[in-house]
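Peer 1: The following block contains a protein sequence and its predicted model.
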Amino acid sequence: MKKLFLTLALIAGIAGFASSPASAQIYVRVGPPAPRYERQPSRPGPGYSWRAGYWGWQGGRWTWITGVWLGGHNGCTWVPAHWSHGYWRDGHWRC
């Protein structure tokens, strides 16, 4: 995930987009495969949000990114990474 974040931040900066990963966009010609089913494990504690697994664009191909519990963003909602109208949009927090 850290490698993906760094790659997207670099591409966003070069492409002239804001350097925030929330606004990173990558043009992709082929959409991702159908989502995989993942069993959501028990919440580790209060203040955690589930980030479901998703297909992420890495190394010129779609790669499955496993879902995880994310903490430390009380009052915010996780907006999943998604593919829309040919552009890959990275996941981000909406507060």
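Peer 2: Received the coordinates, thanks.
Peer 1: So Ser49 belongs to a strand, correct?
Peer 2: Yes. Assigned with DSSP: H, G, I helix; E, B strand; the rest coil, Ser49 falls within a strand.
Peer 1: Quick one: residues contacting it.
Peer 2: Shown here is Ser49, whose contacts under the criterion CB atoms under 8 Å, 6 or more residues apart in numbering are Trp69, Leu70, Gly71, His73, Cys76, Thr77, Trp78. For glycine as for every other residue, the C-beta is placed from the backbone atoms N, C-alpha and C.
Peer 1: Okay, helices next: where are they in this protein?
Peer 2: For the chain, applying DSSP state H gives helices covering 2-15.
Peer 1: can you give me the strands in it?
Peer 2: 25-27, 48-51, 54-58, 61-65, 68-71, 77-79, 82-84, 87-89, 92-94 (DSSP state E).
Peer 1: Direction included, what does the last one pair against?
Peer 2: In this case it means strand 92-94. Paired with strand 92-94 in the same sheet, following DSSP bridges, are strand 77-79 (antiparallel).
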